[in-house]
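# need coordinates for the below:
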Amino acid sequence: MVLNNIEKLVEKYNNAETTLKEEAQLKAYFLSDDVAPHLEHYKPMFQYFSNAKKEQYTKDVPLKSNKTQLYKWISVAAVAVLMLGIFIPNWNSGPKTLSEYTPEEQKLYLETKQALALISNNLNQGLQGMNALDMAGDNLNRGLEKAHYISVYSNTTNKLLKN
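Predicted structure coming up:
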């Protein structure tokens, strides 16, 4: 009777339908010395499971990483440099007026202003030329559309005259 019960439990175990209590019964049966010969091939599996529970990992697991703290200090230094770059030029009472610069700096400023005005003027003239080209392109496209109508008219006229 016990052998029938064990065979049913093995079948349930293979189908993953056993409870923990039934698995404990199987474990106790297969760890004993009187196992039926046709069930002997299950014995090493249950012995392995019981031995695996007793195993322990004894190596120390290092918890500290080997990364240096250099990256943190680099980011702190970068923020400090940015802050100094922003605040030091504006340390005085705001931007200077043109009269506070030296005569040489004033001359360079005026020359730069004139050069930029000349570039702006030339760019505006070029833009007007581009507008004229754009208008000419639009007119050309309209002409091509009308030429297409002429070819369609010509084709239909040829068809009518042939009939």
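# strands along the protein, start to end?
For the chain, applying DSSP state E gives no strands.
# how does it divide into domains?
Domain segmentation of the chain under automatic domain parsing yields 2-54, 98-162.
# how far does the first one stretch from start to finish?
Across domain 2-54, the straight-line distance between its terminal residues is 28 Å, by C-alpha to C-alpha, to the nearest Å.
# need the helices for this protein, in chain order.
Read by DSSP state H, the chain holds these helices, from start to end of the chain: 2-14, 20-31, 43-54, 70-87, 103-162.
# could you dump those into CSV and include distance to Leu63 and mean neighbour count?
C-beta here means a position set from N, CA and C on the backbone, and glycine is covered the same way. Output for the helices of the chain, formatted as CSV (distance: least, C-beta to C-beta, whole Å; neighbours: other C-beta atoms under 10 Å):
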stretch, distance to Leu63, mean neighbour count
helix 2-14, 39, 13
helix 20-31, 34, 14
helix 43-54, 26, 11
helix 70-87, 19, 10
helix 103-162, 61, 10
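# mind putting those helices into JSON lines with mean pLDDT?
Formatted as JSON lines, the entries for the helices of the chain read as follows, by pLDDT from 0 to 100:
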{"stretch": "helix 2-14", "mean pLDDT": "85"}
{"stretch": "helix 20-31", "mean pLDDT": "87"}
{"stretch": "helix 43-54", "mean pLDDT": "83"}
{"stretch": "helix 70-87", "mean pLDDT": "84"}
{"stretch": "helix 103-162", "mean pLDDT": "84"}
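# need those in CSV with distance to Val61, can you?
Conversion of the helices of the chain to CSV gives the following (distance: least, C-beta to C-beta, whole Å):
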stretch, distance to Val61
helix 2-14, 34
helix 20-31, 30
helix 43-54, 20
helix 70-87, 24
helix 103-162, 66
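# so which of these gets nearest Lys64?
When the helices of the chain are ranked by proximity to Lys64, the top entry is helix 70-87, at 15.2 Å, counting by C-beta to C-beta.
# which other helices and strands contact the closest one?
In this structure, helix 70-87 packs against no helix or strand, with contacts taken as 3 or more C-beta pairs under 8 Å, 6 or more residues apart in numbering; DSSP states H and E.
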